Structure formats: structure tokens, C-alpha cells
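[1] structure for the following, please:
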Amino acid sequence: MGLQNTNEIDTLIIHCAATPNGKHFTVEDIDRWHGERNFKRDKKLVGDYAAHLKHIGYHLVNYINGEIYVGRSLRETGAHAKGHNKNSIALCLIGTDKFSIEQWDSLSYQVQYLKQELPNLKNIIGHNEVNSHKTCPGFDVQAWLAGGMVALTSHVLADDLPEPFDDGDDDEENE
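    Predicted structure coming up:
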């Protein structure tokens, strides 16, 4: 654990919370789960950034309504991808493999924002790209990036999918 120089952050690792898709969870829930796994934050480094969170390993958490909550300061080394925490930050989506349109929009915005704020951020990857035993974040980050950071339809919550177009033609033959 320790502080990292934001100029040395070169990787954003996208995670999922492995929670039921579409169900609301909070940074406090994740903090409790990470505490149960003995994650710890250095009390000297916490400062004003989410000081009530004592265990959370992620820097940012993307709620199902698309709001972003801070887990750790970007300067605080994360606890999210063993062997890859130094020089990386973590963004976690609530859910497992299907996310709301608001989450997809927020994720796209956050990636663009972080690329502007962190001059050396070059790698945007899924947790599964650094740990072959993980399926997190539940979608192919590289396909999402290559597709222009547009929501992957097969990974959108069913309630957020557009209704099929009905042109009024019932396709029945006249008798």
C-alpha cells in the first residue's frame, strides 16, 4: 500500500462487482465485502477521500444509475488486481455482465475524462485481461473500446433495451 504518482498511472482496469444485474449496491457494501476479505486501507493515506471506507480496493464505483462514487483517491494505490495495483486505477461497475444504459454512458465518459486527467493512461483493460481466472467485468473491454465505447447490446439490462420496431404490418397474407 502507499501513494502513487498520478503521472505514473498508465492502466485503468475495469471490474464488475459480481452482484445481481440491475440490483442496487453501494460503495459501503463493497467496503464491507472487501473487509471480510481482509483488505485494508492505510489510515494515514485515506485523508478526505471516502474516509468512512476502510477496506474498499477500487478507486471508482459506477452505480446502476450511472453515478460515480469514489472508493479511493487516485493517488492511493488500489487493491483490485493482484500484481497490477501499482501504476493502475480501478473502476468497478455494479452488476456482473449486464449494465444499464446510464452505466455504459457513464463508463464512456469516465474513460474519456481519465484519459485527459492522467497524461500517461494508455492501457484500458478488463480485470480478466490480467487474471485468466476472472470473467470480470463480464464483457470484452477491447471490443467495447474498438466499437467506439458504445453500449454492447448483449450486455445491456433487458429493461433498457429498445422495444423492437413495429411497422404495423402484421405479415399475414390476405385470404
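
[2] buried ones in the top helix by length along the chain?
    For the chain, the helix with the greatest residue count under DSSP state H is helix 101-117. Across helix 101-117, burial judged by 16 or more other C-beta atoms under 10 Å covers 102, 103, 104, 106, 107, 108, 110, 111, 114. The way it works is simple: take the backbone N, C-alpha and C, and place the C-beta from them, glycine included.

[3] pull out the buried positions in the helix or strand of the chain at the bottom of the mean pLDDT ranking.
    Within the chain, no helix or strand scores below helix 43-46, which has a mean of 72 by mean pLDDT, DSSP states H and E. Buried residues in helix 43-46, counted by 16+ other C-beta under 10 Å: residue 46.

[4] who touches the longest helix of the chain?
    Helix 101-117 has contacts (C-beta atoms under 8 Å, 6 or more residues apart in numbering) with 6, 12, 14, 60, 62-68, 89, 91, 93-95, 99, 121, 124, 149-152, 156-157, 160.

[5] do a quick rundown of the helices in this structure.
    Under the criterion DSSP H, helices of the chain are mapped to 27-36, 43-46, 101-117, 141-146.

[6] least confident of those helices, on average?
    Here the lowest mean pLDDT among the helices of the chain goes to helix 43-46, at a mean of 72.

[7] how far is that one from where the chain is centred?
    23 Å (C-alpha atoms, centre = their mean, to the nearest Å).

[8] for the residue positioned nearest the centre of the chain, give its distance to residue 159.
    In the chain, the residue lying closest to the centroid (C-alpha atoms, centre = their mean) is residue 92, at 2.9 Å. As judged by C-beta to C-beta, to the nearest Å, residue 92 and residue 159 stand 21 Å apart.

[9] any chance you could map the strands in the protein?
    11-16, 60-62, 68-70, 88-93, 123-126 (DSSP state E).

[10] right, and these - which one's nearest residue 39?
    Closest of these to residue 39 is strand 88-93, at 11.9 Å (criterion: C-beta to C-beta).

[11] nearest to residue 44, of the buried residues of helix 101-117?
    residue 114 (25.3 Å).

[12] hang on, the earlier thing: could you dump the longest helix of the chain to CSV, C-alpha only?
    Taking Å, rounded to 0.1, in the frame of the first residue of the first chain, the C-alpha atoms of helix 101-117 are listed here in CSV:
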residue,chain,number,x,y,z
ILE,A,101,-27.5,2.4,-20.4
GLU,A,102,-26.7,5.0,-17.7
GLN,A,103,-23.7,2.8,-16.6
TRP,A,104,-22.5,2.4,-20.1
ASP,A,105,-22.7,6.2,-20.8
SER,A,106,-21.0,6.9,-17.5
LEU,A,107,-18.2,4.4,-18.2
SER,A,108,-17.6,6.0,-21.6
TYR,A,109,-17.5,9.5,-20.0
GLN,A,110,-15.2,8.3,-17.2
VAL,A,111,-12.7,6.7,-19.6
GLN,A,112,-12.5,9.9,-21.7
TYR,A,113,-12.2,12.0,-18.5
LEU,A,114,-9.5,9.9,-17.0
LYS,A,115,-7.5,9.9,-20.3
GLN,A,116,-7.5,13.7,-20.1
GLU,A,117,-6.6,13.9,-16.4
